[in-house]
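Participant: one predicted model, sequence on top.
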Amino acid sequence: MTPEFIQYLTRIKYGARLEGSEEPGVMNELEAHMEDKLQELTESGLSEAEAIETCLGQMGSTKLIARQIYETYSQGSWKQVLLASMPHILFGLLFVLNWWHFAGWITVLLLLILATTVYGWWHGKPTWIFSWLGYTMLPVLAVGILLLYLPRGWSLLTLPLYFPLALWWLFRIIVQTTRRDWLFSSLMLLPLPILIGWFLAVSPSGKFTQASVQRVYDLAPWIGLSFIALALTIAAFIRLRQRWLRVALLATSGLMTLTLVVYYARERLNTSTFLGLMLVMWGVFLVPPLLDRLFRVRLQTRWRLREESATGSKKTA
């Protein structure tokens, strides 16, 4: 396959963002179609360079083809809808049924999340895995909260180590997920500002006290409702085909759910905390596409260097 075809197909593959199980078949079919078209043009009397240029011109824009492929294959099945929304439903039921104060139920739920995430991560990273992946951050957040209960001297020693490690781990997951699709990074991070908002509503000081327990009891139905709302968002996200609708859905749902948190916890969240939560929410929607853009620039730079190298080699020859 010619370098021009490789670059053309790579752009389509990057833009189509297919699942690992679907990508080889779709790209092989597209490659075979282009090879057949090139052969026809060559046999018609065109030179190889002219045939390649004509073939690529007839194929059309890589962005258009990638978008068409994305919209054809992006819609998930109802099974994927159930799997993707399940972690939000389980956490919602945990509060709606007032089971959140049973350590056994929380432990079982966290183990289920970790096991499901590991299984999905090592089996092709299907679309539904990313909503589970977001909840794997809970143990990391829990460790940070527990460090606050250490004696002051130990806290001062451990927290400077904890924050860089936690941020490194979070950033690494975001990068890996963004390479698959930056939308999945936003999907994964969507519960994060909601969790932080509810935690600050029940424990403004950062420490879980007896008063915090009573606040959780008071807010439990609304906490559960916010997770159920996230589950409905994920269900709609999986079934939508158009990318712009998915972006609009995540942004609207995230901001509305955070508004719900702020409304029912308005007496315990001051203005600076509210602005901080909004900043975190916007980070959920802005950081992944910025990373994706960085990856695209690097990829385009790599292609340009290869083209310059190939051109230099031809001139030398």
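Facilitator: Done, it's in.
Participant: give me the number of residues near Thr72?
Facilitator: 13 (other CB atoms under 10 Å). In this view, the C-beta of every residue, glycine as well, is placed from N, C-alpha and C.
Participant: so what's it closest to, chain neighbours aside?
Facilitator: Distance criterion CB to CB, 6 or more residues apart in numbering; nearest residue to Thr72, sequence neighbours excluded, is Arg241 at 7.8 Å.
Participant: pretty sure that neighbour sits against Ser74.
Facilitator: Yes. If you go by CB atoms under 8 Å, Arg241 and Ser74 touch, sitting 5.5 Å apart.
Participant: what's the longest helix in this structure?
Facilitator: Secondary structure of the chain read by DSSP state H shows that its longest helix is helix 271-316.
Participant: what ranges do the helices span in the protein?
Facilitator: Assigned by DSSP H, the helices in the chain fall at 3-16, 23-43, 48-59, 62-73, 78-96, 103-121, 129-133, 138-147, 152-180, 182-189, 191-202, 210-239, 243-264, 271-316.
Participant: would CSV of those helices with mean pLDDT be doable?
Facilitator: What follows is the helices of the chain, written out as CSV (pLDDT from 0 to 100):
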stretch, mean pLDDT
helix 3-16, 85
helix 23-43, 89
helix 48-59, 88
helix 62-73, 91
helix 78-96, 94
helix 103-121, 90
helix 129-133, 93
helix 138-147, 80
helix 152-180, 84
helix 182-189, 92
helix 191-202, 86
helix 210-239, 90
helix 243-264, 87
helix 271-316, 77
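Participant: between Arg241 and Ser74, which one's more packed in?
Facilitator: Counting neighbours by other CB under 10 Å for Arg241 and for Ser74 shows that Ser74 has the greater number, 21 against 13.
Participant: now that one: how far from Thr177?
Facilitator: Distance from Ser74 to Thr177, counting by CB to CB, to the nearest Å: 16 Å.
Participant: equivalent analysis for Leu111, please.
Facilitator: From Leu111 over to Thr177 the distance is 22 Å, taken as CB to CB.
Participant: those two: which has the busier surroundings?
Facilitator: With other CB under 10 Å as the criterion, Leu111 and Thr177 differ in neighbour count, and Thr177 comes out ahead with 24 against 10.
Participant: show me the contacts for the more buried one.
Facilitator: Applying CB atoms under 8 Å, 6 or more residues apart in numbering to Thr177 gives the contacts 130, 133, 184-185, 188, 288.
Participant: let's see that with 7 Å instead.
Facilitator: Each residue near Thr177 by CB atoms under 7 Å, 6 or more residues apart in numbering is listed here: 130, 184-185, 188.
Participant: the nearest residue to it once chain neighbours are set aside: neighbour count?
Facilitator: Computed as CB to CB, 6+ apart, the closest residue to Thr177 that is not its neighbour in sequence is Ser185, at 4.4 Å. When counting by other CB under 10 Å, one arrives at 27 neighbours for Ser185.
Participant: contacts only, for Ser185.
Facilitator: In this structure, Ser185 makes contact with 174, 177-178, 288, judged by CB under 7 Å, 6+ apart.
Participant: straight-line length of stretch 86-105, end to end?
Facilitator: In terms of CA to CA, to the nearest Å, the two terminal residues of stretch 86-105 are separated by 15 Å.
Participant: which one of the contacts of Thr177 sits closest to Lys13?
Facilitator: Lys13 has its nearest neighbour among the contacts of Thr177 in Phe184, at 16.3 Å by CB to CB.
Participant: how far away is the nearest residue to the closest one once chain neighbours are set aside from Trp121?
Facilitator: For Phe184, ignoring the flanking residues on the chain, the nearest one in space by CB to CB, 6+ apart is Phe130 at 4.3 Å. Phe130 sits 10 Å away from Trp121, going by CB to CB.
Participant: the more surrounded of these two?
Facilitator: The residue with the greater number of neighbours, taking Phe130 and Trp121 and applying other CB under 10 Å, is Phe130; the counts read 26 against 17.
Participant: was I right to think that one contacts Met188?
Facilitator: Yes. In this structure, Phe130 sits in contact with Met188. The criterion is CB atoms under 7 Å, and the distance is 4.6 Å.
Participant: list the residues that contact Pro221.
Facilitator: If you count contacts by CB under 7 Å, 6+ apart, Pro221 has them with Val96.
Participant: next one: it from Leu190, what distance?
Facilitator: Going from Pro221 to Leu190 by CB to CB gives 21 Å.
Participant: quick check, nearest of the contacts of Thr177 to Arg152?
Facilitator: The closest of these, once distances to Arg152 are taken by CB to CB, is Met188, at 34.6 Å.
Participant: the closest one contacts Gly134, doesn't it?
Facilitator: Yes. In this structure Met188 lies within contact range of Gly134 using CB under 7 Å: 4.3 Å.
Participant: so what secondary structure elements neighbour the longest helix of the chain?
Facilitator: Applying 3 or more CB pairs under 7 Å, 6 or more residues apart in numbering; DSSP states H and E, we find helix 271-316 packed against helix 3-16, helix 152-180, helix 182-189, helix 191-202, helix 243-264.
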